[in-house]
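**Q** coords please:
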Amino acid sequence: MRISSLTGLRGVAAVAVMLYHIPHNPTFAAFEIPLFSRAYLCVDLFFVLSGFVISFGYYDRVVQHFSKASYGDFLINRVARVWPLHLVVALVFMLRILLNVSGEQPVALTTANVVANILMVQTWGWGTQALAGNSWSVSTELVAYLVYPLVAIMAFSRWAWLQAAIAVALLLLVAQSGLGSRGPLDVNDANTILPVLRCLAGFSLGVIAFRVAQRDWCKRWMGGWHSFEIVCAAIAFALLIPGGDVAVVLLFPLLVIACSYNGRTSRLIMANPVTFHLGVISYSIYLWHPLVRDVFARITGIAHRHGITQWDMVFVIAMLLATWLVCWVSYLLIEVQGHRLIKWMQQAAGRRAVALRAARQ
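**A** Below you'll find the predicted structure:
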């Protein structure tokens, strides 16, 4: 079951990341949009969303009625959701490196890098690198899935305030590390554990936000017509603060809570057919858009060498449409079918185990 406004919010965040990354290729440097200059923070929004949405779907089964079976089923469901596409994208980028498509490959195809990417553990702080750059955050989320019961137990205890304080401290630690690429929190260096800590901080805040959202006082205050607008305005103001990344991220739980109530304005903006569709395919958008961008940068470069220099906007529009088409197909053929395949394998293994137990009796 989806909360429509949260699905749309994920789509908006994925598109913001895409628009942020487009001018990172020098061919499209002229298309930099100042509004999205700090859209790397949308990755932190993904972390907060994950903590909230996973709690919405699994808190009762995995935490309140914890068992080895429920925890195992939770992990399989999460892996089935993210690993198939992650694997396909990693293999495609591996092929890209082997063929030397771009002329310069920042990631070496070492055994450690290949194995870590296949297992989705490439950004756990032991120096391996992500073959597909954006996949670093997917790798860190796997850590959050593994420790989710512990995070949720603390978030729903009287020590939730301490967990929130630790999350804030972790964000400050990451922001003060000096390793941010384009801003204090833009840290994804695989040589440190900081990306994992960044993820766990946002994820924890998302779980706490889910607890808070269940409270009547929160529903009264945040369920009104204008709560969504007020939070969006606060985030816009925080984005104007130089180096204010942590302040922005601390407002994300409020944004998620406001959207979770599916109020009038949030539904209008986040749950309309376009944003909802983008939310459904947001994971594919997040992982595929750098490759589509680079393909169109190569096409545009060829056009420039032949004296065609007035069609860059057309190439950008075509790139956006191609990204949408690739990601829609990717969602249908890789995400959906990959999830079904892993769940079928799980059920088949369960049937075999039952048959073996019956045969031994």
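**Q** For the nearest residue to Cys232 once chain neighbours are set aside, which three-state class applies?
**A** Among residues not flanking Cys232 along the chain, Leu255 sits closest, at 7.1 Å (C-beta to C-beta, 6 or more residues apart in numbering). All C-beta spots, glycine's among them, are computed from the backbone N, C-alpha and C. What DSSP: H, G, I helix; E, B strand; the rest coil gives for Leu255 is helix.
**Q** isn't Leu255 right up against Ile230?
**A** No - in this structure, Leu255 is not within contact of Ile230 by C-beta atoms under 8 Å, at 10.2 Å.
**Q** related to what we said a few turns ago, for the residue nearest to Cys232, list the residues it contacts.
**A** 9, 45, 228, 231-232, 235 (C-beta atoms under 8 Å, 6 or more residues apart in numbering).
**Q** Now secondary structure and pLDDT too, for those residues, in JSON lines please.
**A** Formatted as JSON lines, the contacts of Leu255 follow (DSSP: H, G, I helix; E, B strand; the rest coil; pLDDT from 0 to 100):
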{"residue": "Leu9", "secondary structure": "helix", "pLDDT": "97"}
{"residue": "Leu45", "secondary structure": "helix", "pLDDT": "98"}
{"residue": "Phe228", "secondary structure": "helix", "pLDDT": "93"}
{"residue": "Val231", "secondary structure": "helix", "pLDDT": "96"}
{"residue": "Cys232", "secondary structure": "helix", "pLDDT": "95"}
{"residue": "Ile235", "secondary structure": "helix", "pLDDT": "97"}
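**Q** Per-residue pLDDT of Val101, please?
**A** What the model reports for Val101 is a pLDDT of 58.
**Q** same question, the one 5 residues further on
**A** pLDDT, Pro106: 72.
**Q** Which element, helix or strand, includes it?
**A** Of the helices and strands defined by DSSP states H and E, none includes Pro106.
**Q** Figure out the helix or strand that Ala349 lives in.
**A** In this assignment (DSSP H and E), Ala349 forms part of helix 337-360.
**Q** who does that helix touch, helix- and strand-wise?
**A** Secondary-structure packing of helix 337-360 (3 or more C-beta pairs under 8 Å, 6 or more residues apart in numbering; DSSP states H and E): helix 68-99.
**Q** Show me what the helix it packs on is packed against.
**A** When contacts are defined as 3+ C-beta pairs under 8 Å, 6+ apart, helix 68-99 sits against helix 111-119, helix 135-146, helix 282-305, helix 337-360.
**Q** Setting aside sequence neighbours, what's the nearest residue to the residue most central in space within the chain?
**A** Centrality entry for the chain: nearest residue to the mean C-alpha point is Phe46, 4.4 Å, by C-alpha atoms, centre = their mean. Excluding the flanking residues, the one nearest Phe46 by C-beta to C-beta, 6+ apart is Ala13, at 6.2 Å.
**Q** what's the spacing between that neighbour and Ile76?
**A** Noted for Ala13: a distance of 26 Å to Ile76, by C-beta to C-beta, to the nearest Å.
**Q** So which of these two has more stuff around it?
**A** Set Ala13 next to Ile76 and count neighbours by other C-beta atoms under 10 Å: Ala13 wins out with 24 against 16.
**Q** So for the helix or strand where the more buried one lies, what gets flagged as buried?
**A** Assessed by DSSP H and E, Ala13 sits inside helix 4-21. Applying a neighbour-count criterion of 16 or more other C-beta atoms under 10 Å, one finds 4-21 buried in helix 4-21.
**Q** same question, stretch 205-217
**A** Residues of stretch 205-217 classed as buried: 205-213 (neighbour count, 16+ other C-beta under 10 Å).
**Q** Farthest pair within the residues you listed?
**A** Of all pairs drawn from the buried residues of stretch 205-217, the greatest distance, 12.2 Å, lies between Leu205 and Ala213 (C-beta to C-beta).
**Q** In helices, which of the buried residues of stretch 205-217 appear?
**A** Using DSSP state H, the members of the buried residues of stretch 205-217 that fall in helices are 205-213.
**Q** Turn those into CSV, including distance to Gln64.
**A** Shown next, in CSV, are these (distance: C-beta to C-beta, whole Å):
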residue, distance to Gln64
Leu205, 21
Gly206, 18
Val207, 13
Ile208, 16
Ala209, 18
Phe210, 13
Arg211, 12
Val212, 17
Ala213, 17
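**Q** circling back: out of the helices and strands packed on helix 68-99, nearest to Trp217?
**A** Of the helices and strands packed on helix 68-99, nearest to Trp217 by C-beta to C-beta is helix 135-146, at 27.8 Å.
**Q** now the closest one and helix 4-21, what's the angle there?
**A** Using axes from the mean of the first three to the mean of the last three C-alpha atoms, to 10 degrees, the direction of helix 135-146 lies 150 degrees away from that of helix 4-21.
**Q** Just after helix 135-146, pick out the following helix or strand.
**A** Next element after helix 135-146 (DSSP H and E): helix 148-155.
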